[in-house]
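A.B. asks: return a 3D structure for these sequence lines:
(chains A and B)
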Number of protein chains: 2
Amino acid sequence: MTTVIDATAQAAKFKQEIRAQLATLPERLTLVGVLAAERGPSATYAKYAQKACEEVGALFRLRHATRLDVESVIREANEDPSVHGIMVYYPVFATERDVYLRDSVDPAKDIEGLHSYWARSLYQNRRYLDSQRHLKAILPCTPLAIVKMIEAAGAFARSGRPLEGRTAVVFNRSEVVGRPLASMLAHDGATVYSFDIDGPLMMTPASTPEGAHRVSETSIDRAGALARADIVITGVPSPSFELVSASEIRPGALCINFSTYRNFAPDIEGKAGAFVPRVGPMTVTMALRNALRLFQNARTSGSLRLGADAMSGERD
Amino acid sequence: MTTVIDATAQAAKFKQEIRAQLATLPERLTLVGVLAAERGPSATYAKYAQKACEEVGALFRLRHATRLDVESVIREANEDPSVHGIMVYYPVFATERDVYLRDSVDPAKDIEGLHSYWARSLYQNRRYLDSQRHLKAILPCTPLAIVKMIEAAGAFARSGRPLEGRTAVVFNRSEVVGRPLASMLAHDGATVYSFDIDGPLMMTPASTPEGAHRVSETSIDRAGALARADIVITGVPSPSFELVSASEIRPGALCINFSTYRNFAPDIEGKAGAFVPRVGPMTVTMALRNALRLFQNARTSGSLRLGADAMSGERD
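C.D. replies: This is a model prediction of the structure:
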């Protein structure tokens, strides 16, 4: 029997917690969403964010912009002290220029955790920004949502690193989800096989929990990796991806799909231990959790401009 | 009659100047090249850099690395006080991950001017890093090489902004060459039509020389833009690009090709005022010029770690 785990139900638990914590803040948490496409998935995500904000008692301001205005709308939100967090609905240009936009968001307001400032701390397994360990680093919200679903599935170890000794396979090595996710799993103790059209890479844990993961080339193929995997995670946004089927996975494996396309064959239900068909509702919830964390960091450090150094080119 | 302008000859003049200035430095300028591909264009570029360094009296250390080791080799060079500048031969991964690598180079050693730290100052037309205007910003070396070729062709105005009143067309809007180039031309006073598979954009100068350029959508097509262009610049790395032909350009137009593919039809010679068939030799020379500038910035500011704030995630 395969347990199907609903991300909406998990998200509800987190939202309850977030709502309770937001109620204790001295001001109302205010987020800005920046939307360049009036239709399609981006507009839908913006509606989800709106609804999630209402559920936790945060204020959500949706800013509509042309693609050429997105950058100035982001900069205004960076400068506006009444704004605590910013979400940008990508793609805007659907080119490398979107990376530039991601890095235009002040890291201290980047509730999606996509800025290269956060990517650097993630890859180096730096979980705090200060040596006193008061200021927590932000993790990108989709990878974080997936890790929380792994925890919800009961796949965390009771002691030591949460994924110590586990093997995971991730299909997708994008800079926004697959690569950070694979690194996070390795930092949590797992051996990870990361697959992309470019081939596989292997991420392994450091010898100490504080160390950064190691990456190496590997000759393992899909079949070999899946045969070892306790956790299989798919995020291939293409109808031509060969669906992961029951014959490929281990009995009891945890299967998680974060693609908008179906990446698992229906027959995995019955062989998998648990199946998470989608993580979307958890993703927006993790963005809210990040917003709360950034708000708390700002209160602790006495500045909303944490990370502003990474943004400024002006020096005196 | 079309004057063909040879980038090698122009580069030689700059190298002579750079050589003279390097000779006055208290230590020998030392650059590191990071090469992940042992063959192909990257290996060739590395050889060019080696040769250019010899010509100006700089030390060049070529570091060979696997693609997975490139990042740690960059970080070592960032930390090594005997290294003044770093060049990385892309593509390494040929995915968005290369953007992450570009941003792993300490901006204070980024002689190619590819770090988002420099991109931000470029797009905002910030030519100095400090309010005293002692520390000069770095420009990306290929766009800079092209601007220097425009100057060499005698297309700069004698007063005011150098390209005041000129119209330019740029085919290519990549984040590393075409988009920064179009912005630089607009900052120099030109109206620029920037073409990409994604369509055209128009960049126009600010009302003051210190202002940042403006960008707008435009309905102009290739024929309309070329009919107005004093300067035509091409950088389309594809054999399927329809070559720019004599019938499309204005008599006397300055034509510059920076693609490794031929983007102009042979018949432009005769109608164009001047033709620059390649800029490669100037590109590596501009990287050396940037290296000298960064060295001087570091001496002025008393720190080689200029820009280090943009790199560090650790805060106390």
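A.B. asks: tally of neighbours for A:T218?
C.D. replies: 16 (other CB atoms under 10 Å in any protein chain shown). C-beta: built from backbone N, CA, C; applies to glycine.
A.B. asks: what are the phi and psi values at it?
C.D. replies: Main-chain torsions, A:T218, degrees, to the nearest 10: phi -150, psi 150.
A.B. asks: again, but for the one 10 residues further on
C.D. replies: According to degrees, to the nearest 10, the main-chain angles of A:R228 amount to phi -100, psi -10.
A.B. asks: try A:L288
C.D. replies: Taking degrees, to the nearest 10 as the convention, A:L288 sits at phi -70, psi -40.
A.B. asks: wait, it sits on A:L59?
C.D. replies: No: look at A:L288 against A:L59 with CB atoms under 8 Å: they stay out of range, at 11.9 Å.
A.B. asks: quick one: which of the two has more around it?
C.D. replies: Applying other CB under 10 Å to A:L288 and A:L59 shows that A:L288 carries more neighbours, namely 27 against 15.
A.B. asks: so who does that one touch?
C.D. replies: A:14-15, A:18, A:31, A:52-53, A:56, A:58, A:111 (CB atoms under 8 Å, 6 or more residues apart in numbering or on different chains).
A.B. asks: distance of A:A225 relative to A:Y193?
C.D. replies: A:A225 sits at a distance of 4 Å from A:Y193 (criterion: CB to CB, to the nearest Å).
A.B. asks: what's the overlap in contacts for these two?
C.D. replies: Counting by CB under 8 Å, 6+ apart, the contacts common to A:A225 and A:Y193 are A:169, A:200.
A.B. asks: returning to that earlier point: tell me which of the contacts of A:L288 fall in strands.
C.D. replies: Among the contacts of A:L288, the ones falling in strands (DSSP state E) are A:L31.
A.B. asks: which pair of the contacts of A:L288 spans the longest distance?
C.D. replies: Within those, A:F14 and A:L31 form the most distant pair, 16.0 Å apart (CB to CB).
A.B. asks: which one's more surrounded, those two?
C.D. replies: Remark: of A:F14 and A:L31, A:L31 carries more neighbours, 24 against 19, as counted by other CB under 10 Å.
A.B. asks: excluding its backbone neighbours, what's nearest the more buried one?
C.D. replies: Distances taken as CB to CB, 6 or more residues apart in numbering or on different chains place A:G85 nearest to A:L31, at 4.4 Å, with adjacent residues excluded.
A.B. asks: over to A:T3?
C.D. replies: With sequence-adjacent residues excluded and distances taken as CB to CB, 6+ apart, A:T3 is closest to A:A274, at 4.4 Å.
A.B. asks: just give me the neighbour total for that neighbour.
C.D. replies: 22.
A.B. asks: so how far is B:A212 from it?
C.D. replies: With CB to CB as the criterion, A:A274 and B:A212 are 52 Å apart.
A.B. asks: in the stretch 151-300 of chain A, what residue comes closest to chain B?
C.D. replies: A:E175 (4.5 Å; CB to the nearest CB).
A.B. asks: what about the helices in chain A?
C.D. replies: A:7-22, A:41-56, A:70-79, A:97-102, A:116-123, A:141-152, A:178-187, A:222-228, A:280-301 (DSSP state H).
A.B. asks: among these, which comes closest to B:V170?
C.D. replies: Judged by CB to CB, the one of the helices of chain A that comes nearest to B:V170 is helix A:97-102, at 14.9 Å.
A.B. asks: which residues touch the closest one?
C.D. replies: A:70-71, A:74, A:88, A:90-93, A:114-116, A:175, B:96, B:99, B:116, B:119, B:175, B:179.
A.B. asks: at 7 Å what do you get?
C.D. replies: With CB atoms under 7 Å, 6 or more residues apart in numbering or on different chains as the test, helix A:97-102 has contacts from A:70-71, A:74, A:88, A:90-92, A:114-115, B:96, B:99, B:116, B:119, B:175.
A.B. asks: before we move on, back to that, which residues does the residue nearest to A:T3 form beta bridges with?
C.D. replies: A:T3, A:L254 (DSSP bridges).
A.B. asks: contact partners for it?
C.D. replies: Contact partners of A:A274, counting by CB under 7 Å, 6+ apart, are A:2-3, A:5, A:153, A:254.
A.B. asks: ChimeraX command to pick out the buried ones of the residues you listed?
C.D. replies: The following ChimeraX line selects those of these that are buried, judged by 16 or more other CB atoms under 10 Å in any protein chain shown:
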select /A:2,5,153,254
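A.B. asks: tell me which two in the contacts of A:A274 are the farthest apart.
C.D. replies: Maximum pairwise distance in these, criterion CB to CB, is 10.9 Å, between A:T2 and A:A153.
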